[in-house]
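Participant: Mind looking at a prediction? Sequence and model below.
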Amino acid sequence: MSEPIEPSTIGWRERVDLPDWGIEGIEAKSDTGARSSAIDVKNLRFEGEEMVTFEVALSRADRSHTRPVQAKVKRRTVVKSSNGHVSDRIVVETSLKVGEIVKSIDVSLVCRKRMQCRMLIGRSALQHHFVVDSSQAYLLTPPKPKAKRKKSSGKRKKIKTNPDSPDSDTEANEAGVSR
């Protein structure tokens, strides 16, 4: 008999990898209220009875940023959402990596474009390996680096202070900067 493993504590949100599909750092929500896991896909197509092709949407901001995947259909299921909506879903199997833990999970293929996270990790995937601290995020994985935002204080133009010096370019807003 094998020793029971000590579950790792994860946050309500983590960045996870799906190594079988070559996906790293996808945003995932840990949801102990959901039994099954789901991932945001588009262009789902059947290739015969047992195979599907689809594109995993990797970004909420840019749904054209995708990874094409082909997978074997494990089963079809009916899922009832928290708002009572019932839908038929295709379920496939893949590996999930959170921190250093890798495990095989079932994941349903669904459009999650209105959801904050591209993936939802349900109880079935969490059991035996993870405990969720709902007050924290990114306990096993780093958050996505914040994009640098451009200042929105008006249009900017270059002002050359000394036309003979190649290093004399400075930026100033259109309201004017006196020198």
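Facilitator: Structure received.

Participant: Only C-alpha atoms from now on, for both contacts and neighbour counts.
Facilitator: Fine.

Participant: next structured bit after the strand ranked longest in the chain?
Facilitator: The single longest strand within the chain, with elements called by DSSP state E, is strand 66-80. Per DSSP states H and E, the first helix or strand lying C-terminal to strand 66-80 is strand 86-98.

Participant: buried set for that following strand?
Facilitator: Neighbour-count burial for strand 86-98 flags 89, 90, 91, 92, 93, 94, 96, 97, 98 (criterion: 16 or more other Cα atoms under 10 Å).

Participant: likewise stretch 15-31?
Facilitator: Buried residues in stretch 15-31 (16+ other Cα under 10 Å): 15, 16, 17, 18, 21, 25, 26, 27, 28, 29, 30, 31.

Participant: ditto for stretch 53-64
Facilitator: Applying 16+ other Cα under 10 Å to stretch 53-64 flags 53, 54, 55, 56, 57, 58, 59, 60 as buried.

Participant: Kindly reformat those residues as JSON lines containing distance to residue 111 and pLDDT.
Facilitator: Formatted as JSON lines, those follow (distance: Cα to Cα, whole Å; pLDDT from 0 to 100):
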{"residue": "53", "distance to residue 111": "14", "pLDDT": "97"}
{"residue": "54", "distance to residue 111": "11", "pLDDT": "97"}
{"residue": "55", "distance to residue 111": "11", "pLDDT": "97"}
{"residue": "56", "distance to residue 111": "9", "pLDDT": "97"}
{"residue": "57", "distance to residue 111": "9", "pLDDT": "95"}
{"residue": "58", "distance to residue 111": "12", "pLDDT": "95"}
{"residue": "59", "distance to residue 111": "12", "pLDDT": "91"}
{"residue": "60", "distance to residue 111": "11", "pLDDT": "88"}
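
Participant: Of all pairs in the buried residues of stretch 15-31, which one is the farthest apart?
Facilitator: 21 and 31 (22.2 Å; Cα to Cα).

Participant: For the chain, give me the ranges with low pLDDT.
Facilitator: 1-4, 147-179 (pLDDT under 70).

Participant: Remind me which helix or strand the spatially most central residue of it belongs to.
Facilitator: A centroid search over the chain (Cα atoms, centre = their mean) returns residue 27, at 2.5 Å, as the residue closest to the centre. Applying DSSP H and E as the criterion places residue 27 in strand 23-30.

Participant: Residue 104 too?
Facilitator: strand 101-110.

Participant: For that strand, C-alpha coordinates in CSV please.
Facilitator: The C-alpha trace of strand 101-110 is given here as CSV (Å, rounded to 0.1, in the frame of the first residue of the first chain):
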residue,chain,number,x,y,z
ILE,A,101,2.4,18.3,-9.1
VAL,A,102,1.4,16.6,-12.3
LYS,A,103,-1.8,14.6,-12.5
SER,A,104,-4.2,13.3,-15.1
ILE,A,105,-7.6,15.0,-15.2
ASP,A,106,-10.8,15.0,-17.2
VAL,A,107,-11.7,18.4,-18.7
SER,A,108,-14.8,19.4,-20.6
LEU,A,109,-14.5,21.6,-23.7
VAL,A,110,-16.6,24.7,-23.6
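
Participant: With that, I have no additional questions.
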